[in-house]
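K.L.:
Provided below for reference: sequence and predicted model.
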Amino acid sequence: MNRILILILSSLVAACSNSPAVHAKPSAPVEIEYSVPKNVEAGSEVTTVIRFVAKSNLQNLSVSASSYSGLELISGGSLAEFTDLQGGDIREIEVKISLLDEVGYLSVFATTTNALGNVRTKSIAVRYGKASDATINKMQSKGLVKDSKGQKLILMPGEAR
């Protein structure tokens, strides 16, 4: 009987607690901000300033950028190190890219180290360009189709990233 009472009480305490039951993997305590012109076309060269805003005190912030798909990194993006940042401090890097396709991506990485030596990383993909109407139409669902064996397939629409 006592075991049941203890189980019920512990369940009630857990239910009333403000802490979430599931914890997500934390990312680096840094915000990554940027702005990209809307009308970037293939063959264009664009300079982008990427800002890193510390959300807490950091012993070290390492940042870099690399071309991923559809673009070439002309300048910037190499590893940059910043030390002794306070919460709210801002650091910037400048990258210049050349868009090779109608859509291209730049991968941006930020790795932080706090005073206790805890290391966390955050990454984002910066999109340049816009998919053409022809590309978007190719990705639209054609409804019900049959494969080479005659089995019915339902194609789902895609979305340009």
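P.N.:
Structure's in. What do you need?
K.L.:
element containing the most centrally placed residue in the chain?
P.N.:
The chain has Ile124 as the residue nearest its centroid, 2.8 Å off, counting by Cα atoms, centre = their mean. Using DSSP states H and E, Ile124 sits within strand 119-129.
K.L.:
output that strand as PDB, nothing but the C-alphas.
P.N.:
Taking C-alpha atoms only, strand 119-129 is exported to PDB below (Å, rounded to 0.1, in the frame of the first residue of the first chain):
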ATOM      1  CA  VAL A 119      31.600  23.100 -26.900                       C
ATOM      2  CA  ARG A 120      28.400  23.500 -29.000                       C
ATOM      3  CA  THR A 121      27.900  24.000 -32.700                       C
ATOM      4  CA  LYS A 122      25.200  25.600 -34.800                       C
ATOM      5  CA  SER A 123      24.900  25.600 -38.600                       C
ATOM      6  CA  ILE A 124      22.500  27.100 -41.100                       C
ATOM      7  CA  ALA A 125      22.100  27.100 -44.900                       C
ATOM      8  CA  VAL A 126      21.800  30.400 -46.600                       C
ATOM      9  CA  ARG A 127      19.800  30.200 -49.800                       C
ATOM     10  CA  TYR A 128      20.600  32.400 -52.900                       C
ATOM     11  CA  GLY A 129      18.400  32.600 -56.000                       C
END
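K.L.:
any buried residues in that strand, and which?
P.N.:
Arg120, Lys122, Ile124, Val126, Arg127, Tyr128, Gly129 (16 or more other Cβ atoms under 10 Å). Glycine gets a C-beta too; all of them are placed from N, C-alpha and C.
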